[in-house]
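Undergrad: Predicted coordinates and the sequence they were generated for:
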Amino acid sequence: MANQILCKNCKTWNSTEAETCSSCGYELHSERIQREEVSLQRAETQKGWDVPVIKIKPSHPWYVRPFLYVARAVQIAALAIGGALAWSAFWASA
Ligand SMILES: [Zn+2]
């Protein structure tokens, strides 16, 4: 019985291609999805974006994305100006 996955909820064998259990509807690949999300989050933090900028997701409709890009650009500019001010204030006081 190759390519089968055991439902942790009701112990029914399902095809690995199935997203949810055919018997109870339990998410069969929840652990895999969680692991993928963790590695995705790790990849994002490794890019250096530890500042809370707006996230543009593929789930956003196409007509929303331009506004998000503009909002994010304004946000990054504000953060850069704020950072420069904080930096110069720090050195001015030193
Ligand atoms: Zn099940």
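TA: On my side now, so go ahead.

Undergrad: need the strands for this protein, in chain order.
TA: 4-6, 13-15 (DSSP state E).

Undergrad: and the first one, how far from the chain's centre?
TA: Relative to the mean C-alpha coordinate of its chain, strand 4-6 is positioned 27 Å out (CA atoms, centre = their mean, to the nearest Å).

Undergrad: Please apply the same query to the last one.
TA: For strand 13-15, the separation from the chain centroid amounts to 29 Å (computed by CA atoms, centre = their mean).

Undergrad: Pull the residues that contact it.
TA: Contact with strand 13-15 is made by M1, N3, Q4, I5, L6, C7, C21, S22, S23, L28, as judged by CB atoms under 8 Å, 6 or more residues apart in numbering. C-beta here means a position set from N, CA and C on the backbone, and glycine is covered the same way.

Undergrad: So is the helix or strand bottoming out on mean pLDDT in the chain next to the ion?
TA: Here the helix or strand of the chain ranked lowest by mean pLDDT, DSSP states H and E is helix 30-46, holding a mean of 74. No - against the ion, helix 30-46 shows no contacts by CB under 5 Å from the ion, the least distance being 11.8 Å.
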